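Visitor: Dropping the sequence and predicted coords here.
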Amino acid sequence: MDWPRFIKRSISMLVDAIILFASWVLAYYLRYDSFELVRDESFILSFMAVVLATLVVFSLFGLYRAVVRYIGLRSMIAIAAGAIVSGVLLNFAIDANAFLYSLSGNLNYVFFAFVGIAGSRLLLRELVTVIGRAAQHKVLIYGAGASGRQLLLALASSAEFRAVAFADDDPSFHGVMIRDVKVYSPDCIKAVIQKYGISRILLALPSASRGTRAKLIERLEPLGLPVLTIPGMADLVDGKMKIDELQDVKIEDLLGRDPVAPVPSLLTANITGKVVMVTGAGGSIGSELCRQIILQSPQKLVLFEASEFALYEIDKELTAMLSSRQLDVQLLPVLGTVVDQQRLQQIMQSYHVQTVYHAAAYKHVPLVEFNVIEGLRNNLFGTWHTAEAAIASKVETFVLISTDKAVRPTNVMGTTKRLAELTLQALATRQQSTRFCMVRFGNVLGSSGSVVPLFRKQINKGGPITLTHEDITRYFMTIPEASQLVIQAGAMGEGGDVFVLDMGEPVKIYDLAKKMVHLTGLEIKNKQNPMGDIEIKITGLRPGEKLYEELLIGEDEKPTRHPRIKAANEICLSWPDMQALLSELSEACLNYDLEKIRALMLSAPTGFNPTDGICDLWWQANKSI
């Protein structure tokens, strides 16, 4: 009950007083077969004084500070000590008033007082536990190792979950009882769920590889129960999270890809002791690049960002990170746009920037389709201006964050990124002072616009999940892994290189959506299951959207020093040809000539194969006038 604490204590003291009086009445009756003394007014007054003194003793021993739900040996000792003191006080009261007295009667009183007060609390504890258990979710803990046992102990005080069974792959655990909870073979999980009415599965495997976890989740998904997991070992060791802070299964676990340990020399080559600049520092990729970079101890890190709020957030986060890890890195938060070459050049020259990671870009395919000129200005001309500023400032290394959508693009966004690649390849042939390289990869989990947080939000709202096509597939990688690989690829560039990250196997988005639904304990609603919970609604491909993404334009790729980074050998333009194309595109943008822009993009060696006409909103509005 949610009564105030002092009311609960008052009720406990009143009940104890009644139990003490009843204990003496019973003890006296058993000894003398009479209630004569109990009717004596002077005895009653004396006994009341003993009761009050006993309650004070109980209070001093901390009995009334103990929570009934967690009462244990310490409280039992306090009750025994209090009962003995009460017996001694009663003895003094009897002697002082010359009442009829018997040592055996007094001992009976002490015994009855202990049994009554201790028993009332134990009974109440059991009642509270039973009521609480009825409202708890019965759970199965997968993993009977050290982490599983710690989780079991933590759940003992949980008001939400109660562990009723373990499952573990290790046959030596099968049949073992851990604090009255039996360990079963994974083959028995379905029967155990039915036997105990289990409503949740908790994974206690913080050290398991991502591949192992993916196979396990694949096995658990058909059971149709929510699957939660304890934090990873790194978070537990760092003290960031506790073992009972349960989380939804991470999408990385669904994809089942284990990261490869980085090559230390590649991580540090362009960063340690140097002045590094990240454009788009507040974005999904840019911010993670910054987190990875400061761990390699640069001299300075320039955070270049157009969004004031995004710059404020990443600067605040990195400042806290530097403080907690006691790293000596100077942060320089700079507001600016990548289309302003003069501003870029001023910053690079003022701080003597040596390495640039160019992550600033518009990445959302439909939005760039609707805003063609701004997409070109930011993605293409922004890259060109940043590169020219780097050359003028004698920057040593320039790394462009590219995308798989630049390969045989069907949309404006992918085409602008391929044109940006071509620009840097051409600039690499024009000069030798700045090394240019490009790193191309697919979707990253958790980035702005990613389907994963969108699907999770839609599931939490009860659906429907919106999907553009049932057969759409995408490559996925975690942001930290992608950022580490970008840094390492940049260290291998010699000039004009295009690096492609190994993204693993492509993922069918429809299957990903189904897994996310099943792992929250819900069912897909469709024609075969009209009573399901979450519907997957197909909305149709958006402007410029592809069913399948690719990472290579040609078939020629070479291995590098890192097993997940390949070097691509692809077509490029000479600087005079590229400069002429840039000039024509610039003029078309100034004139808002969308038809000329479309023609130039089609004629450029980008492989542009649009699936739609010109979708620019301004052009559509003015075309109808």
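Guide: Yep, it's here.
Visitor: after the helix or strand bottoming out on mean pLDDT in the chain comes which helix or strand?
Guide: Every helix and strand in the chain was compared by mean pLDDT, DSSP states H and E; the lowest is helix 233-238, with a mean of 50. The C-terminal neighbour of helix 233-238 among helices and strands, as given by DSSP states H and E, is strand 247-248.
Visitor: Strand partners (parallel or antiparallel) of that following strand?
Guide: Applying DSSP bridges, strand 247-248 is found paired with strand 227-229 (antiparallel).
Visitor: if we look at the partner strand, which residues are touching it?
Guide: Residues from elsewhere that reach strand 227-229 (Cβ atoms under 8 Å, 6 or more residues apart in numbering): 200-203, 205, 217, 220-221, 246-250, 253, 519. To be clear about C-beta, it is placed using only N, CA and C from the backbone, and glycine gets the same treatment.
Visitor: Report the buried members of those residues.
Guide: Buried subset of the contacts of strand 227-229 (neighbour count, 16 or more other Cβ atoms under 10 Å): 200-203, 205, 217, 220-221, 246, 249-250, 253, 519.
Visitor: So which of these belong to strands?
Guide: Counting by DSSP state E, these place 200-203 in strands.
Visitor: tell me how far the ends of stretch 562-574 are from each other?
Guide: Terminal residues of stretch 562-574 are spaced 30 Å apart (Cα to Cα, to the nearest Å).
Visitor: what mean pLDDT does it have?
Guide: If you average the pLDDT over stretch 562-574, you get 84.
Visitor: what's that stretch in contact with?
Guide: Here stretch 562-574 makes contact (Cβ under 8 Å, 6+ apart) with 260, 262-263, 266, 422, 425-426, 429, 440, 485, 488-489, 492, 496-502, 552-554, 556-560, 581, 605.
Visitor: can we see that at 6 Å?
Guide: Stretch 562-574 is contacted by residues 260, 263, 422, 425-426, 485, 488-489, 498-500, 502, 552-554, 556-558, 560, 605 when judged by Cβ atoms under 6 Å, 6 or more residues apart in numbering.
Visitor: how far out from the middle of the chain is that stretch?
Guide: Centroid separation for stretch 562-574 versus its chain: 33 Å, with Cα atoms, centre = their mean, to the nearest Å.
Visitor: Stretch 508-525 too?
Guide: Distance, stretch centre to chain centre, for stretch 508-525: 19 Å (Cα atoms, centre = their mean).
Visitor: Could you do stretch 566-578 as well?
Guide: Centre-to-centre, stretch 566-578 and its host chain are 40 Å apart (Cα atoms, centre = their mean).
Visitor: Same question for stretch 197-217.
Guide: Centroid displacement of stretch 197-217 relative to its chain, using Cα atoms, centre = their mean, is 16 Å.
Visitor: now swap in stretch 617-625 and tell me
Guide: Averaging C-alpha positions (Cα atoms, centre = their mean) puts stretch 617-625 43 Å from its chain's average.
Visitor: what's the answer for stretch 491-509, then?
Guide: Distance of stretch 491-509 from the chain centroid (Cα atoms, centre = their mean) equals 25 Å.
Visitor: Look at residue 182 and tell me its secondary structure.
Guide: strand (DSSP: H, G, I helix; E, B strand; the rest coil).
Visitor: residues contacting the closest residue to it other than its chain neighbours?
Guide: Nearest residue to residue 182 in three dimensions, chain neighbours excluded: residue 165, at 6.1 Å (Cβ to Cβ, 6 or more residues apart in numbering). Going by Cβ under 6 Å, 6+ apart, residue 165 touches 140, 184, 192, 196.
Visitor: Could you do residue 16 as well?
Guide: Contacts for residue 16 (Cβ under 6 Å, 6+ apart) come out as residue 117.
Visitor: I'd like the next helix or strand past the helix or strand hosting it.
Guide: In this structure, residue 16 sits in helix 5-32 according to DSSP H and E. Past helix 5-32, further along toward the C-terminus, the next helix or strand under DSSP H and E is helix 41-60.
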